[in-house]
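Student: Sequence plus predicted model, see below.
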Amino acid sequence: MQDVFMGSEEIQGIIAGLVDAMEKHFSSWNDVCFIGIRQGGVHVARHIVKALKGRGINVPLGVLDISLYRDDISRRLFYPEVKGTDIPFDLNDMRIILVDDVLWTGRSARAAIDHIVDLGRPKRIYLLVLFDRGGREIPIQPDFVGRKVDLEPTKLIKLIVPEDGKGIGSVVVTELVG
């Protein structure tokens, strides 16, 4: 069973807070880019880049598919669907803001960092997450956090992206399967 945890207005407020925090952190944006982890991270990154553009800040956005970089690929019952990475800019000497929707164990972020360094040598990688639910299995911590949430280990928090990809969607909490 799914319970709606948060609606689109509250998510938009969290994104506005993240944009405010980044504007305070970065005095210059000329070497900053965003890379969203497929699926939820890309959606969040698009909304952040759009909000920054509304404030007169233009930054490039790339998409990262970490399917083949995950450390549990051999444990999965099915082979992952690879949708591809699309980063149409040079990563060398860039300050990358890596975006994901939920940070839990840290394994997705680790896989993303491995993939990024295979593509170039950035100046710095920052991690931005919409939700940090704790429970790390490896030592990875976010630089920018929308909201910390406390969930039982049997629960899963997920960003539901609208089919048209335009609206922000909602967040649901459901039972972890398997």
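Tutor: All right, it came through fine.
Student: tell me which helix or strand of the chain sits lowest on mean pLDDT?
Tutor: The helix or strand of the chain with the poorest confidence is strand 3-6; it has a mean of 76 (mean pLDDT, DSSP states H and E).
Student: which secondary structure elements does the helix or strand following that one contact?
Tutor: Sequence order places helix 8-25 as the next helix or strand after strand 3-6, per DSSP states H and E. Judged by 3 or more CB pairs under 8 Å, 6 or more residues apart in numbering; DSSP states H and E, the packing partners of helix 8-25 are helix 40-54, strand 124-132, strand 144-148, strand 170-175. Just so you know, the C-beta spots here come from the backbone N, C-alpha and C atoms, and that holds for glycine as well.
Student: can I get the ones you listed in TSV with distance to residue 155?
Tutor: Putting the helices and strands packed on helix 8-25 into TSV (distance: least, CB to CB, whole Å) gives the following:
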stretch	distance to residue 155
helix 40-54	16
strand 124-132	12
strand 144-148	15
strand 170-175	5
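Student: quick one, which of these is nearest to residue 99?
Tutor: Nearest of these to residue 99, taken as CB to CB: helix 40-54 at 4.0 Å.
Student: Now the next helix or strand after that closest one - C-alpha only, CSV.
Tutor: For helix 40-54, the following helix or strand on the C-terminal side (DSSP H and E) is strand 61-64. Coordinates of each C-alpha in strand 61-64 appear next as CSV, following Å, rounded to 0.1, in the frame of the first residue of the first chain:
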residue,chain,number,x,y,z
LEU,A,61,22.4,19.7,-17.3
GLY,A,62,23.5,16.1,-18.0
VAL,A,63,21.8,12.7,-17.4
LEU,A,64,23.6,9.8,-15.9
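Student: give the contact list for residue 37.
Tutor: Listed by CB atoms under 8 Å, 6 or more residues apart in numbering, the contact partners of residue 37 are 64, 66, 98-100, 108-109, 112.
Student: Return the subset of the residues you listed lying in helices.
Tutor: Counting by DSSP state H, these place 108-109, 112 in helices.
Student: Out of those, which is nearest to residue 93?
Tutor: residue 112 (18.8 Å).
Student: Tell me, how many residues neighbour the closest one?
Tutor: Residues lying near residue 112 (other CB atoms under 10 Å) number 27.
Student: try residue 150
Tutor: Number of residues near residue 150 (other CB under 10 Å) recorded here: 8.
Student: That one and residue 131 touch, don't they?
Tutor: No: here residue 150 does not reach residue 131: they are 10.7 Å apart, not a contact under CB atoms under 8 Å.
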